[in-house]
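Novice: how would this look folded up:
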Amino acid sequence: MTYRSEFDRSIHQREDFWREQASQIDWIKSPETIWEDRGQGHGQWFPDGQLNSADLALDANIRAGRGDQVALIYDSPVTDTRATFTYTELRDRVALFAGALIKQGIGKGDRVIVYMPMVPEAAIAMLACARIGAIHSVVFGGFAANELAVRIDDATPKAIVTASCGIEVSRVIEYKPLVDNAIRQARHKPECCIVLQRPQATASLEAGRDLDWQAAEAGATPAEPVAMASGDPLYILYTSGTTGKPKGVVRDNGGHAVAMRYSMSLVYDAKPGDVYWAASDVGWVVGHSYIVYAPLFAGCTTVLYEGKPVKTPDAGAFWRVCQEHKVNLLFTAPTAFRAVRKEDPEADQLNRYDISSLKRIFLAGERLDPPTYEWLREHTRLPVLDHWWQTETGWAICCNPVGIEMAATKPGSATFPSPGYDVQIVDTEGRPQPAGTQGQVAIKLPLPPGCLSTVWGDDDRFRRTYLEPLPGFYTSGDGGYIDEEGYVFIMGRTDDVINVAGHRLSTGEMEEIIASHPAVAECCVVGARDELKGQIPIGLVLVKDGATIAHEELEDELVEMVRDQIGAIACFKQAMVVDRLPKTRSGKILRRVIRQIADGEEYSVPSTIDDPAILEEISHQFSP
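Specialist: Modelled structure (predicted):
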């Protein structure tokens, strides 16, 4: 088997291909129908199949003889806590909490919002919902009350599961006041709120509505898995929308299970017993797919980490976890290693640890800039593999298919389309573009299993957003190109392509050039309005710790580098040195907001921002 033969089968013999992948999971009732078309290239995978996602994650591993294997490792440098759970222990904890939910009147189809820090109970709550057929909607712990209220009104949950607090590097964030405030603001009122009390800050409980986690479990009967139709929703995960109202991405049970199981083999070459660490948060899609579900579907040991890549306590944090837990496969966002590289440019911290267990490093969530790629390759001497996907798809659209055959890597490329994804580069009319030409990255319908089935409560919005802009395609919203060898290069959101005096230029390409300067730790480029040229690029640059170059000298050198590699046509003349870049909690730079600030427009502070104070700092630098 080669990548090319597998990919071709997935496109031209689609049903046979996915029937084969579906046979890898333990169905309650195996599907006979593989694909049911429901119009516009959209439909349902495995419509007559029945399964339970918590059963696949836990009970199926016990049936396979892995009950005594460690399923989950909890590592919390912010509380100096370590804990492990075998598959049997985790199954028992999940079944008991599922019984506690049933005691509160929660059942199949009910929604439960999970607003938790990175503690084992977050994963337990998710899996408990899946076990009884309730639909979980995880909201990143610490989100502002008004943003939580918006999600409460959209999902209309019967219950909220939360903790008394979350713990950041230098502070404790009390969650319960945020939850109380959100419930006051929301039109919909959840019937109950189950609170995990943490010693760092205990919460007061409202009589008649709030329950302590242990009290909720007291006297509960452990629940057995409920049979779910393949198309029944497993979870709702909110992602930002251009209208300001978040979109509730709906993931089904059957397609998700098949895709997760397949992706663990294809993308990561993960085997049962491997220690797999996705250094993310359960509030994001990476946490859903690759902390909670996929590693357990594949019989791996998953690591749940409550900490940061730096300052918990230092830039050696990731390497310490890899040594201590003998991590085999590490997956995180490029921004994590940019932070490590900034604090430890010579990788001195890495040399303190034995990471010989580590086989490969995977990066996704944003564009992997070549300097970060080269730094990791040089210092770890490991394969560093970029892959590209979205909240909406749930797993890699493009990857280096190491489970079939590892391809040569190209810096800046996510390598090849994953089997099942017919990726094409098209213009605004949907016409295919030749190799090497930038355009919109679109996926010919139907999407493979595991992708979103709709937007919660708004199927029209789903079709308007994803299917109608380019009929016959899923619209990714990203721009890029495919080279002559079939490698896919994602250059950023299509609104990050700027128009300078009629020339369409990629800010991603400029960022690549700027990031290659030895003094630059991280950067972003946005297009600001210009009366003469339409738009001109402006760079924001974060300097490496210890770099001694004067800011004016650095700006001159960066301007010259862009001129040399793109040309004077780029009109790149301004590179502002900043202390911090505004980012979401998941590490994505808020380019649209920076662009609004640069244009002097009013902007709203996104709910996903890591630290709102950064925007004021940026605004002052743009002020005349």
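Novice: from here on, contacts and neighbour counts on C-alpha atoms
Specialist: Will do.
Novice: Could you report the distance from A315 to S516?
Specialist: 21 Å (C-alpha to C-alpha, to the nearest Å).
Novice: More neighbours: which of the two?
Specialist: A315 (25 against 18; other C-alpha atoms under 10 Å).
Novice: secondary structure class for the more buried one?
Specialist: At A315 the chain is in coil, as set by DSSP: H, G, I helix; E, B strand; the rest coil.
Novice: ok, now which ones touch it?
Specialist: P309, A339, V340, E343, D344, Q349 (C-alpha atoms under 8 Å, 6 or more residues apart in numbering).
Novice: in the helix ranked longest in the chain, what's buried?
Specialist: The longest helix of the chain (DSSP state H) is helix 87-103. By neighbour count with 16 or more other C-alpha atoms under 10 Å, helix 87-103 contains the buried residues 87-102.
Novice: Likewise for stretch 441-460?
Specialist: Here stretch 441-460 shows 441-456 as buried, counting by 16+ other C-alpha under 10 Å.
Novice: for stretch 64-81, same thing?
Specialist: In stretch 64-81, counting by 16+ other C-alpha under 10 Å, buried: R66, G67, Q69, V70, A71, L72, I73, Y74, D75, S76, P77, V78.
Novice: Let me know the average pLDDT across the helix or strand where G539 lies.
Specialist: In this structure, G539 sits in strand 534-543 according to DSSP states H and E. Averaging pLDDT along strand 534-543 gives 92.
Novice: If you count neighbours, what's buried in it?
Specialist: Q535, I536, P537, I538, G539, L540, V541, L542, V543.
Novice: what's near enough to touch the fourth one?
Specialist: I take that to be I538. V525, V526, G527, A528, F572, K573, Q574, A575, M576.
Novice: The same query, at a cut-off of 10 Å, please.
Specialist: 507, 510, 524-528, 571-576, 594-595, 598 (C-alpha atoms under 10 Å, 6 or more residues apart in numbering).
Novice: For whichever helix or strand E552 is part of, buried residues please.
Specialist: Using DSSP H and E, E552 falls within helix 551-565. Buried positions in helix 551-565, judged by neighbour count with 16+ other C-alpha under 10 Å: L554, E555, L558, V559, E560, M561, V562, R563.
Novice: same thing with stretch 302-321?
Specialist: 302-312, 315-321.
Novice: C-alpha coordinates for that stretch, CSV please?
Specialist: Taking C-alpha atoms only, stretch 302-321 is exported to CSV below (Å, rounded to 0.1, in the frame of the first residue of the first chain):
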residue,chain,number,x,y,z
THR,A,302,-3.2,10.1,26.8
VAL,A,303,-1.6,12.9,28.7
LEU,A,304,-3.7,15.7,30.2
TYR,A,305,-1.4,18.6,31.1
GLU,A,306,-2.4,21.6,33.3
GLY,A,307,0.4,24.0,32.6
LYS,A,308,2.2,26.1,30.0
PRO,A,309,5.2,25.5,27.6
VAL,A,310,7.1,28.2,29.6
LYS,A,311,7.0,29.6,33.2
THR,A,312,5.6,26.3,34.7
PRO,A,313,8.4,26.6,35.8
ASP,A,314,10.6,27.2,32.8
ALA,A,315,11.2,26.6,29.0
GLY,A,316,12.0,23.0,29.8
ALA,A,317,8.4,22.1,30.9
PHE,A,318,7.6,20.1,27.7
TRP,A,319,10.8,18.2,27.8
ARG,A,320,10.3,17.3,31.5
VAL,A,321,6.9,15.9,30.7
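Novice: from the middle of its chain, how far away would it be?
Specialist: Taking C-alpha atoms, centre = their mean, to the nearest Å, one finds stretch 302-321 lying 18 Å from the centre of the chain it belongs to.
Novice: What's the mean pLDDT across it?
Specialist: Per-residue scores along stretch 302-321 average to 97.
Novice: do the same with stretch 51-71
Specialist: The model assigns stretch 51-71 a mean pLDDT of 98.
Novice: cool, stretch 586-601 as well?
Specialist: 86.
Novice: so E36 bridges to which residues?
Specialist: In this structure, E36 bridges to Q44 when assessed by DSSP bridges.
Novice: Number of residues surrounding N146?
Specialist: 18.
Novice: wait, isn't D422 in contact with V488?
Specialist: No. With contact defined as C-alpha atoms under 10 Å, D422 does not count as touching V488 (11.8 Å).
Novice: Mind checking which of those two has more residues around it?
Specialist: Set D422 next to V488 and count neighbours by other C-alpha under 10 Å: V488 wins out with 28 against 20.
Novice: For the residue nearest to the more buried one when sequence neighbours are not counted, give me the pLDDT.
Specialist: If you skip the residues right next to it in sequence, V488 has I482 as its closest partner in space, 4.5 Å away by C-alpha to C-alpha, 6 or more residues apart in numbering. On pLDDT, I482 comes in at 97.
Novice: Kindly report the same for Y373.
Specialist: In this model, Y373 carries a pLDDT of 92.
Novice: And L58, how far from D75?
Specialist: L58 is 20 Å from D75, by C-alpha to C-alpha.
Novice: what's the answer for V249, then?
Specialist: Distance from V249 to D75, by C-alpha to C-alpha: 29 Å.
Novice: Pull stretch 522-529 out as CSV, backbone CA atoms only.
Specialist: Coordinates of each C-alpha in stretch 522-529 appear next as CSV, following Å, rounded to 0.1, in the frame of the first residue of the first chain:
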residue,chain,number,x,y,z
GLU,A,522,7.8,35.8,16.4
CYS,A,523,6.0,38.1,14.1
CYS,A,524,2.8,38.9,12.2
VAL,A,525,2.1,41.0,9.1
VAL,A,526,-1.2,42.7,8.4
GLY,A,527,-2.4,44.9,5.6
ALA,A,528,-3.3,48.4,6.7
ARG,A,529,-5.4,50.8,4.6
